[in-house]
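Enquirer: Build me a structure from this.
(one chain, ligands or ions: 1)
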Amino acid sequence: MSTTKSFAGEASASPTTPIVHLEDVGKSYGNIQALRGVSLSVRQGEITCVLGDNGAGKSTLIKIIAGLHDYTSGTMSVNGEERHFSSPREALDSGIATVYQDLALAPLMSVWRNFFLGNELTKGPFGVLDSARMKRVAQEELTKMGISVPNLEQPVGKLSGGQRQCVAIARAIHFGAKVLILDEPTAALGVNQSGVVLKYVVKARDAGIGVVFITHNPHHAYLVGNHFVILKLGRVALDTHRSDITLEQLTTEMAGGSELEALSHELRGFDPERVVTPQDK
Ligand SMILES: Nc1ncnc2c1ncn2[C@@H]1O[C@H](COP(=O)(O)OP(=O)(O)OP(=O)(O)O)[C@@H](O)[C@H]1O
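Expert: Here you go, the predicted model:
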């Protein structure tokens, strides 16, 4: 059993009906088959980590759930109903919010304006922006998530990368996300900032949201994940619950698992200490 300290609690132990369910989903871009036979469930109050190397199909998977691309085979259902989203707006209207790595935030705008970007509150018959109410609500929501931003007037670009991720997560939750897709939220961050973001990922889970956490880092995944799916060359190579895998096993699987074993078999007899000299040739 791994002794890794973890934020992952027991809240998700009971199996619930998936909010989003992919069954045997495939996606081809012309001749390129980016995903094949992918089945995956996103459940309320559970963090599903999707891991995979470059080109494994993670972005394609996100794009399908987020409504940017349609799938070409299989089925995707949302709350038990088969869906083919034709736009991100449609996915959003079904409660599926995506926080991309390159955050859709306007760096020069204040934190509170960013919080309401695209969803501004207005007042009166002429639709004047209700700045006071937006500031108050943004402050309340960030405080509720335990995010400390002392001055909401400062440009969001002045916040740290981790804080910006947290603002984007709080915004998605405030606007009613039932499913939150996080595209490598810790990829560009150091250890401390990653810890801050992972804490809010857990808060989102604890608020009852179904979280899809995309990452190539098994250590980050294992700190928070309830469920792990590894994609390799567009296929599901591993699909397991937390109680059935240790961090060490997850890391080995990510590093190549059975392929590494096969390689070490092939290289048996090879002496890495040996230095080849001209006389050997
Ligand atoms: N629009 C596209 N047109 C053609 N091929 C694509 C397109 N998008 C992705 N692919 C191909 O599909 C496969 C999966 O790519 P995808 O971007 O989903 O992987 P990924 O796991 O997100 O990788 P990365 O971590 O590098 O972003 C790759 O072979 C990629 O070249």
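
Enquirer: hey, let's count contacts and neighbours off CA atoms from now on
Expert: OK.

Enquirer: which residues touch stretch 99-108?
Expert: Under the criterion Cα atoms under 8 Å, 6 or more residues apart in numbering, residues 114, 155-158, 164-165, 168-169, 172, 180-185 lie in contact with stretch 99-108.

Enquirer: State the distance from S131 to N31.
Expert: In this view, S131 and N31 are 50 Å apart by Cα to Cα, to the nearest Å.

Enquirer: Give me the more crowded residue out of those two.
Expert: For S131 versus N31, neighbours defined as other Cα atoms under 10 Å are more numerous around S131 (15 against 6).

Enquirer: was I right about N79 contacting P18?
Expert: Yes: using Cα atoms under 8 Å, N79 and P18 qualify as a contacting pair, with a distance of 6.9 Å.

Enquirer: okay, the two: which has more neighbours?
Expert: Between N79 and P18, counted using other Cα under 10 Å, the more crowded position is P18 (18 against 13).

Enquirer: Report the contact partners of the more buried one.
Expert: Going by Cα under 8 Å, 6+ apart, P18 touches 41-44, 78-80.

Enquirer: and those as a markdown table, adding pLDDT?
Expert: Formatted as a markdown table, those follow (pLDDT from 0 to 100):
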| residue | pLDDT |
| --- | --- |
| S41 | 94 |
| V42 | 94 |
| R43 | 93 |
| Q44 | 91 |
| V78 | 94 |
| N79 | 91 |
| G80 | 90 |
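
Enquirer: What subset of the residues you listed is buried?
Expert: Buried residues within the contacts of P18, counting neighbours by 16 or more other Cα atoms under 10 Å: 41-44, 78.

Enquirer: Next up, the contacts around the residue in the stretch 101-250 of the chain that the ligand sits nearest to.
Expert: Nearest residue of the stretch 101-250 of the chain to the ligand (Cα to the nearest ligand atom) works out as G234 at 6.4 Å. By Cα under 8 Å, 6+ apart, the residues touching G234 are 33-36, 38, 55-57.

Enquirer: next one: V38
Expert: The neighbourhood of V38, defined by Cα under 8 Å, 6+ apart, consists of 22-26, 234-236.

Enquirer: Drop anything exposed from those.
Expert: Burial by neighbour count, judged by 16+ other Cα under 10 Å, picks out 22, 24-26, 234-236 from the contacts of V38.

Enquirer: Report the two of the residues you listed separated the most.
Expert: For the buried ones among the contacts of V38, with distances taken as Cα to Cα, the pair at the greatest spread is L22 and G234 (13.9 Å).

Enquirer: ok, back up a step: flag the least confident of the contacts of G234.
Expert: On pLDDT alone, G55 ranks lowest of the contacts of G234, at 88.
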